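Below are the sequence and a predicted model; questions follow.
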There are 2 protein chains.
Amino acid sequence: MTTAAPTPSSRDLPHPAREEIRLEGVLHALSDPVRLRIVRELAAEGVELSCSHFVLPVTKSTTTHHFRVLRESGVIRQIYEGTAKMNGLRRDDLDELFPGLLDCLLTAAARQAARRGGG
Amino acid sequence: MTTAAPTPSSRDLPHPAREEIRLEGVLHALSDPVRLRIVRELAAEGVELSCSHFVLPVTKSTTTHHFRVLRESGVIRQIYEGTAKMNGLRRDDLDELFPGLLDCLLTAAARQAARRGGG
DNA sequence: CCCGTACTACGATGTTTATCGTACGAGCAG
DNA sequence: CTGCTCGTACGATAAACATCGTAGTACGGG
């Protein structure tokens, strides 16, 4: 029937289980401007995005580092898809652990961006 | 008796203005377990507390350091009162800048504490 | 098979951070 | 004034972190 499984790929990456996600870790992950920006864009698009989708003011190595921090803190989920690595927010897990927190943080970030960037 | 003005004291400490408070800074401040604990207790009590009120697993020097980080990031307000230094949450400023964020974070922290500490 | 693209792994570097100990300054109680 | 408590300042230290460059691995297309 619905053989929906789209080739789970060979490599997969270590993610913390839902219960292992720590609030402090999430806050630390989001306390970096580059990472906060990544998460904002991920939330805005609403779909999984490859690393190369993002135009960031740092090199590729550093980008890799930031994505890893986000993954290891439990904020995003990363899955290989061919040569690309797709990134998606762990909305379900975060909402279950900390209801409303993610949206609250995104709203706060948007407000700050509007205040500073928009005028 | 009711000498309402409680001697504003001689020394006072540098605080960021409301507009200078950065979300990243707040998140970074709260991403440390010791500081998160301080903020939780401050919120729970609802009143200003002296530094010595807190029983923390670090030395006095380190405690001073953490309170300074909280103050410089705009999370708390510190005022000298005699030899004691009173600490209060900057609820008004934070709520104005990031509505709902502080409560959301406190709720998340409480949930996590209940899950881990309370069983 | 060879090449290009996407991302990683490793090592280096400079900065920040959490922590401590000790010595000091400010207010309060004798 | 003396001594006490509260908190600071400064210096040291070890760990963590953000950043980079280079070299390498994995996958897909010719």
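Yep, that arrived. Note that the structure is a prediction, hence the values are computed from the model and not measured. Numbering: from 1, shown residues only, chains lettered A, B, ... in the order given.

For the rest of this, base every contact and every neighbour count on C-alpha atoms.
Fine.

Chain A against DNA strand D: which residues are in contact?
By C-alpha under 7 Å from any atom of the strand, the part of chain A that sits against DNA strand D consists of A:9-11, A:29, A:32, A:34, A:57-62, A:65-66, A:69, A:81-83.

Need the buried ones from those residues selected in ChimeraX.
A single ChimeraX command selects the buried members of those (16 or more other C-alpha atoms under 10 Å in any protein chain shown):
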select /A:29,32,34,66,69,81
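
Inside strands: which ones of the residues of chain A next to DNA strand D?
Of the positions in the residues of chain A next to DNA strand D, residue A:81 sit in strands, assigned by DSSP state E.

doesn't residue A:88 fall inside a strand?
Yes. Assessed with DSSP: H, G, I helix; E, B strand; the rest coil, residue A:88 lies in a strand.

residues in chain A within reach of chain B, list them.
Chain A comes close to chain B at residues A:22-28, A:30-33, A:97-101, A:104-105, A:107-109, A:111-112, as judged by C-alpha under 8 Å from any C-alpha of the partner chain.

7 Å instead, please
Proximity of chain A to chain B (C-alpha under 7 Å from any C-alpha of the partner chain) is limited to residues A:23-25, A:27-28, A:30-33, A:98, A:100-101, A:104-105, A:108-109.

Among those residues, the buried ones, what's the ChimeraX command?
A single ChimeraX command selects the buried members of these (16+ other C-alpha under 10 Å):
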select /A:23,24,25,27,28,30,31,32,98,100,101,104,105,108,109
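
mind checking which helix or strand residue A:71 is in?
Taking DSSP states H and E as the criterion, residue A:71 maps to helix A:60-72.
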